[in-house]
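Trainee: Give the three-dimensional model of this entry:
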Amino acid sequence: MTELRQTVEMPQKAIPVVIFGAGSIVTDAHLPAYRDLNIPVVGIYDPDLEKARDVAKKWGVANFTTLDDAASQGSVVFDLAVPPQAIADLLEKLPDGAVAIIQKPLGSDLTEAERIISVLRRKNIKAAVNFQLRFAPMSLALKDAIRKRQLGEIVDFDAWLALHTPWHLWAFLTNLPRVEILLHSIHYLDFVRDLMGNPNGVHARTIGHPSSTVSNTRSAIMLDYGETVRCNLSINHNHAFGRRFQACEFRICGTKGAAYMKMGVNLDYPKGEPDELWLNTDGEWRQIDLVGNWFIAAFRGRFAQVQRFAAGLDDVLEGSAEDAWHTMALVEAAYESSAIPMHPIKEAPDA
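Mentor: Numbering: from 1, shown residues only. Coordinates of the predicted model:
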């Protein structure tokens, strides 16, 4: 089997970044990824000045004490690791023509996403969205195998998640009306779009669980890709019965071969397990040696591609905000589908 691409090559000279936000996603993924890629961090701004100061001190970078100071920096990439509702107003502060990376999702709903897109277009800001599953080593390798026709035409995609997610780690989720699809399965929907393009439609149901204070933690989603492709996602975050039969995996089948992907970070979160990618292109399953896991290698790939675009090495900004709008539209359609009754079943005729 030929070697498969798993990484995104950095430019020889990195463009510095300014980070907005000092939460866990920044300390657990963004800053480690920038460190690994040797991308200088000019500084961090967060409305919680004490938190920003503590994070900056720990990582040996500067912290900005005003939003205007952080937003006025030149010749940088702006990293917006902020809540969805804060994205549009923050973009208004950035210089026209800037390059930015926006933490997913692209707003809390499609209306917010459209406002964000409007600001980006008016200010000519080139922005990517951090749907980083696209850039995980296993994802890049799978896409390379598909590009090389090793699987033939993709005809089947199955996502199966049966795991126990510790929702209590994120207190802010308690009162949100949209959780599972918007903040978790959105990664999988974006990945499906990256593989197969936009679906024609969606059937979905997302619900909560008696043991959970979070509004929705279980989803069933079926995407319409016409008469030859079956695409189904079954997600259960409340399978709290031990590791043995838990799962977090994709099965992708083509006309010539198949692939199996395991996303280990979600199993025993946050400790996680190693990711896995298996390919069967000749009747025999072979495991692909991976250079890293979704967390945090996917962030390195995402940030490296933004760097390549900003440096003029790539003509296309992969996973752009314009593209992410379609993922948000799919999410919105899934929630709309979930809100209406399923097709009724006829009642038995009277005796």
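Trainee: And for Trp167, nearest residue in space, chain neighbours not counted?
Mentor: Val214 (4.6 Å; CB to CB, 6 or more residues apart in numbering). To be clear about C-beta, it is placed using only N, CA and C from the backbone, and glycine gets the same treatment.
Trainee: Could I get the contacting residues of the one you found?
Mentor: Residues near Val214 by CB atoms under 8 Å, 6 or more residues apart in numbering: Trp167, Leu173, Thr174, Leu176, Val179, Glu180, Gly208.
Trainee: 10 Å instead?
Mentor: 165, 167-168, 170, 173-176, 179-180, 183, 208, 237-238 (CB atoms under 10 Å, 6 or more residues apart in numbering).
Trainee: how about TSV for those, with neighbour count added?
Mentor: Putting those into TSV (neighbours: other CB atoms under 10 Å) gives the following:
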residue	neighbour count
Thr165	22
Trp167	20
His168	11
Trp170	14
Leu173	18
Thr174	13
Asn175	9
Leu176	14
Val179	22
Glu180	25
Leu183	19
Gly208	15
His237	25
Asn238	18
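Trainee: thinking again about what came up before, surely the residue nearest to Trp167 is within a strand?
Mentor: No: applying DSSP: H, G, I helix; E, B strand; the rest coil, one finds Val214 to be coil, outside a strand.
Trainee: rewinding a little: now for the contacts of Val214: which two are most distant?
Mentor: Asn175 and Asn238 (19.0 Å; CB to CB).
Trainee: so is the nearest residue to Ile116 once chain neighbours are set aside in a helix, a strand, or just coil?
Mentor: Nearest non-adjacent residue to Ile116, counting by CB to CB, 6+ apart: Ala88, 5.0 Å away. At Ala88 the chain is in helix, as set by three-state DSSP.
Trainee: Could you report the neighbour count for Ala88?
Mentor: Counted with other CB atoms under 10 Å, the neighbours of Ala88 add up to 18.
Trainee: what about it, distance to Ala52?
Mentor: Distance, Ala88 to Ala52, by CB to CB, to the nearest Å: 21 Å.
Trainee: If you count contacts, what does the helix or strand where Ile117 lies end up packed against?
Mentor: Assigned by DSSP states H and E, Ile117 belongs to helix 110-123. If you count contacts as 3 or more CB pairs under 10 Å, 6 or more residues apart in numbering; DSSP states H and E, helix 110-123 packs onto helix 87-93, strand 99-102, strand 126-129, helix 321-339.
Trainee: one step back: which of the contacts of Val214 fall within helices?
Mentor: For the contacts of Val214, not one is inside helices, with DSSP state H as the criterion.
Trainee: okay, these in a markdown table with pLDDT and distance to Gln12 next?
Mentor: Shown next, in a markdown table, are the contacts of Val214 (pLDDT from 0 to 100; distance: CB to CB, whole Å):
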| residue | pLDDT | distance to Gln12 |
| --- | --- | --- |
| Thr165 | 95 | 40 |
| Trp167 | 90 | 43 |
| His168 | 86 | 45 |
| Trp170 | 85 | 39 |
| Leu173 | 90 | 41 |
| Thr174 | 89 | 46 |
| Asn175 | 89 | 47 |
| Leu176 | 93 | 43 |
| Val179 | 96 | 42 |
| Glu180 | 97 | 42 |
| Leu183 | 95 | 36 |
| Gly208 | 96 | 50 |
| His237 | 97 | 43 |
| Asn238 | 97 | 48 |
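Trainee: Put together JSON lines for these, with distance to Ala298 on each row.
Mentor: Shown next, in JSON lines, are the contacts of Val214 (distance: CB to CB, whole Å):
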{"residue": "Thr165", "distance to Ala298": "19"}
{"residue": "Trp167", "distance to Ala298": "22"}
{"residue": "His168", "distance to Ala298": "25"}
{"residue": "Trp170", "distance to Ala298": "20"}
{"residue": "Leu173", "distance to Ala298": "22"}
{"residue": "Thr174", "distance to Ala298": "27"}
{"residue": "Asn175", "distance to Ala298": "29"}
{"residue": "Leu176", "distance to Ala298": "24"}
{"residue": "Val179", "distance to Ala298": "21"}
{"residue": "Glu180", "distance to Ala298": "20"}
{"residue": "Leu183", "distance to Ala298": "16"}
{"residue": "Gly208", "distance to Ala298": "28"}
{"residue": "His237", "distance to Ala298": "20"}
{"residue": "Asn238", "distance to Ala298": "25"}
